[in-house]
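Colleague: sequence unavailable; structure follows:
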């Protein structure tokens, strides 16, 4: 019964996005530019050779998948919560007979569905025609890829939500978001795939949740992980989801005790 | 329905030292003062009762509503709404409560009005029959028909408030909190909203707690009134009771043929406004003395015209606040005297 409410929230968030359709073209153009720049850099670096078994064709696929995953991350939920806290509009959400994080998640999911249909899919199709793209052959890789996308959604959502909750105490989110964006950029492998990291840096990346926000889905898509590796990664990602979920639960409980809604 | 007993809410307010050195100091250590927004307030509201909650800015009205809905946790005291403690059962209580904030919107800004109603129906899990029935009533009474398909951002303030109020009543709540629902509206829109709220209160036995700066709202909708000031409950009773206990005075404005001068020696009357030939007096006794008063004035000074009026509720409240402040000042001076001794 409650599922219908969540589904309705998602649909409304989706239609809200359609109110600003002109952005769509700019986003697609921006994405293709990013992919083009990355491909140019890797062409210059790799030429016709390979590095650790990665050639230019693989790098094109990697760049495209990594960027597509980054388009559907929910870490920007920080700004939704931050804005609601600053304007006091969080009151309206708290007055609904529905769990606040779930409301937020499905609201974000509406955005994500919109992004996938109107930004990610067109970007992939255009880039495929322009630069070429390889597809996974094994069915298990496709299934694991979908599962890893789900993990990326959940982890990015909880990270963003966690930072937003921390802003209950600091009442400023900009610096925190800046930090988290930098960490995601580096450790999700969107600059440099984790294959090329040195042993120490690879170790740090393995300790952090950010690799699930780009590198892991891309590596699974490209069939660079075997079955046992995938299961290990999925287990680890689920642990992160659980851990972050508990952390937000704890912080939420503490935050609501000292919630001071501004204005009025 | 609502039981409030000895509720207090304290806020910690950080005191910021000014200037650069001050802000450096703030980084290292922060001092705070306790601010009592609500202080030991008790009252109860029965089913179907309409109660006005009145007080100057910063009197703790919104804080009270937030505690009643479970968004804020009280520092001390107990609240029950429908026999539930709000901050522990926020979601259960939300199903039975409707809220309108005059200064905030519950509607989805970018979407047509009806989309917000549709979403509300899902979130509150409203049966199709109830939904259709309520929508038909609201479309009619609140005149939602003319703008139901328009995006919320294109609505006028009056239209938006009508939609907000319909939305708050869509799930047949037992209690509706209205926080300044008519703020910034024109007279016609105000009338429309007041009569709708009154009708809902009468026909559906919806309990109402209304805060407003417009005393007409409270006078028309709420037979009972609570007045708060500086976090304390200072009056709980009917509007009539407030009027009769505070004053049965009359306001008389007299237009003289010529200015009788600044000092008009008149017993039993207080000069409250002086515009030369137009002077306004307040007299405390009933109507008889008002007529006597006008007669005695007209004997001494030629008068052209006079207007007799009851002191209205705004005037009463204004004087009520002022008398409280005077008491406060008296206490202060007493304290000052004591400290001198």
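Modeller: Happy to help now that I have it. On a predicted model such as this, the values are computed, not experimentally measured, just so you know.

Colleague: from residue B:270, how far off is the residue of the stretch 201-341 of chain B found nearest chain A?
Modeller: Nearest residue of the stretch 201-341 of chain B to chain A, counting by CB to the nearest CB: residue B:211, 9.9 Å away. For every residue, glycine as well, the C-beta is placed using N, CA and C. For residue B:211, the distance to residue B:270 (CB to CB, to the nearest Å) stands at 32 Å.

Colleague: those two - which one has more neighbours?
Modeller: residue B:211 (25 against 11; other CB atoms under 10 Å in any protein chain shown).

Colleague: quick check: pLDDT value at that one.
Modeller: Looking at residue B:211, its pLDDT stands at 90.

Colleague: contact partners for it?
Modeller: Residues near residue B:211 by CB atoms under 8 Å, 6 or more residues apart in numbering or on different chains: B:52, B:53, B:54, B:55, B:61, B:62, B:65, B:178, B:179, B:180.

Colleague: and chain A, which of those residues contact it?
Modeller: Contacts with chain A within the contacts of residue B:211, counted by CB under 8 Å from any CB of the partner chain: B:62, B:179.

Colleague: what are the ranges of the helices in chain A?
Modeller: Counting by DSSP state H, chain A has helices at residues A:2-18, A:22-46, A:56-71, A:77-87, A:90-94, A:100-115, A:121-131, A:139-170, A:174-187, A:199-207, A:215-221, A:227-257.

Colleague: oops, could you answer that again for chain B instead?
Modeller: B:19-28, B:61-68, B:90-96, B:113-123, B:128-141, B:157-169, B:187-204, B:215-221, B:239-246, B:287-300, B:313-340.

Colleague: ranking those helices by mean pLDDT, which is last?
Modeller: Among the helices of chain B, helix B:313-340 scores lowest, at a mean of 60.

Colleague: for the stretch 151-300 of chain B, which residues are neighbours of chain A?
Modeller: When proximity is defined as CB under 8 Å from any CB, the stretch 151-300 of chain B approaches chain A at B:151, B:179.

Colleague: domain parsing for chain B?
Modeller: For chain B, automatic domain parsing gives the domain ranges B:46-243, B:249-310.

Colleague: and these, which is most packed in?
Modeller: Mean neighbour count (mean count of other CB atoms under 10 Å in any protein chain shown) peaks for domain B:46-243 among the domains of chain B, with a mean of 19.

Colleague: can you give me the end-to-end span of that one?
Modeller: Start-to-end span of domain B:46-243 (CA to CA, to the nearest Å) is 23 Å.

Colleague: which residues of the stretch 101-250 of chain A score low on pLDDT?
Modeller: Residue ranges of the stretch 101-250 of chain A with pLDDT under 70: A:170-171.

Colleague: which strand residues bridge residue B:41?
Modeller: residue B:7 (DSSP bridges).

Colleague: what of the one 4 residues further on?
Modeller: Using DSSP bridges, the bridge partners assigned to residue B:45 are residue B:2.

Colleague: and it, what does it touch?
Modeller: B:1, B:2, B:51, B:175, B:207, B:209.

Colleague: hmm, stretch A:167-186 touching chain B?
Modeller: No. Interface with chain B: stretch A:167-186 contributes nothing (CB under 8 Å from any CB), its closest point being 10.7 Å away.

Colleague: what does stretch B:145-155 contact?
Modeller: A:19, B:105, B:107-114, B:116, B:139, B:159-160, B:163.

Colleague: could you redo the last one with a cut-off of 6 Å?
Modeller: With contact meaning CB atoms under 6 Å, 6 or more residues apart in numbering or on different chains, stretch B:145-155 is reached by B:107, B:109, B:112, B:113, B:114, B:139, B:159.

Colleague: next, give me the two most distant ones among the residues you listed.
Modeller: Spatial extent of those (CB to CB) is set by the pair B:109 and B:139 at 21.4 Å.

Colleague: ramachandran coordinates for the closest residue to chain B within the stretch 51-200 of chain A?
Modeller: Proximity of the stretch 51-200 of chain A to chain B (CB to the nearest CB) peaks at residue A:97, 3.9 Å away. Backbone geometry at residue A:97, expressed as degrees, to the nearest 10, gives phi -80, psi 60.

Colleague: list the contacts of the residue lying closest to it once chain neighbours are set aside.
Modeller: Among residues not flanking residue A:97 along the chain, residue B:94 sits closest, at 3.9 Å (CB to CB, 6 or more residues apart in numbering or on different chains). Shown in contact with residue B:94 (CB under 6 Å, 6+ apart): A:95, A:96, A:97.

Colleague: how close does residue B:94 sit to residue A:65?
Modeller: 42 Å.

Colleague: hmm, back to that, surely the residue of the stretch 51-200 of chain A closest to chain B is in contact with residue B:91?
Modeller: Yes. Here residue A:97 reaches residue B:91: they are 4.6 Å apart, a contact under CB atoms under 6 Å.

Colleague: name the nearest residue to residue A:148, ignoring sequence neighbours.
Modeller: Nearest to residue A:148 is residue A:217, by CB to CB, 6+ apart, at 4.2 Å.

Colleague: identify the residues contacting the one you found.
Modeller: Taking CB under 6 Å, 6+ apart, one finds A:69, A:148, A:149, A:152 in contact with residue A:217.

Colleague: distance of it relative to chain B?
Modeller: As judged by CB to the nearest CB, to the nearest Å, residue A:217 and chain B stand 31 Å apart.

Colleague: try residue A:16
Modeller: Residue A:16 is 5 Å from chain B, by CB to the nearest CB.

Colleague: let me know the pLDDT of the residue lying closest to that residue once chain neighbours are set aside.
Modeller: Leaving aside its sequence neighbours, residue A:16 sits nearest to residue B:110 (CB to CB, 6+ apart; 4.9 Å). For residue B:110, the pLDDT comes out at 86.

Colleague: now do the contacts for the nearest residue to residue B:176 once chain neighbours are set aside.
Modeller: With CB to CB, 6+ apart as the criterion, residue B:176 has its nearest non-adjacent residue at 4.3 Å, and that residue is residue B:98. By CB under 6 Å, 6+ apart, residue B:98 lies in contact with B:168, B:169, B:173, B:176.

Colleague: could I get the phi/psi values of residue A:222?
Modeller: With angles defined as degrees, to the nearest 10, residue A:222 sits at phi -80, psi 10.

Colleague: how far away is it from residue A:216?
Modeller: From residue A:222 to residue A:216 the distance is 11 Å (CB to CB).

Colleague: who's more crowded, those two?
Modeller: Between residue A:222 and residue A:216, residue A:216 has the larger neighbour count (other CB under 10 Å), namely 28 against 20.

Colleague: against chain B, how distant is that one?
Modeller: Relative to chain B, and taking CB to the nearest CB, residue A:216 is found at 35 Å.
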